[in-house]
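Participant: no sequence on hand, only this structure:
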């Protein structure tokens, strides 16, 4: 009998996506509420995806490893 499969962290799987080159895409924070005080430019830029900071990548990949 082999080792049982690891389960990926479902919360992380819904939030992050691994790109073809192995980098991790994420969404910007601060785009959920209190949007009237933020400029249109700022809200427009928050809609775009971002690449996760290098210092967080190892933790995120560990959470996504089950998938």
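Facilitator: Sure, I can see it. The shown structure was predicted, so the numbers you read here are calculated from the model rather than taken from an experiment.

Participant: and the gap between residue 65 and residue 56?
Facilitator: 15 Å (C-beta to C-beta, to the nearest Å). Yep, even glycine has a C-beta here, placed from its N, CA and C like the rest.

Participant: what's the distance between the closest residue to residue 19 other than its chain neighbours and residue 57?
Facilitator: Excluding its sequence neighbours, the residue lying closest to residue 19 (C-beta to C-beta, 6 or more residues apart in numbering) is residue 25, at 5.9 Å. Going from residue 25 to residue 57 by C-beta to C-beta gives 11 Å.

Participant: and for residue 41, the neighbour number?
Facilitator: 8 (other C-beta atoms under 10 Å).

Participant: which SS class is it?
Facilitator: helix (DSSP: H, G, I helix; E, B strand; the rest coil).

Participant: need the per-residue pLDDT for it.
Facilitator: Residue 41 carries a pLDDT value of 98.

Participant: quick one: contacts for it?
Facilitator: Residue 41 makes no contacts at all, as judged by C-beta atoms under 8 Å, 6 or more residues apart in numbering.

Participant: the one 10 residues further on now?
Facilitator: By C-beta under 8 Å, 6+ apart, the contact set of residue 51 is 23-26.

Participant: 6 Å instead?
Facilitator: residue 23 (C-beta atoms under 6 Å, 6 or more residues apart in numbering).

Participant: if it is in a bridge, with which residues?
Facilitator: residue 25 (DSSP bridges).
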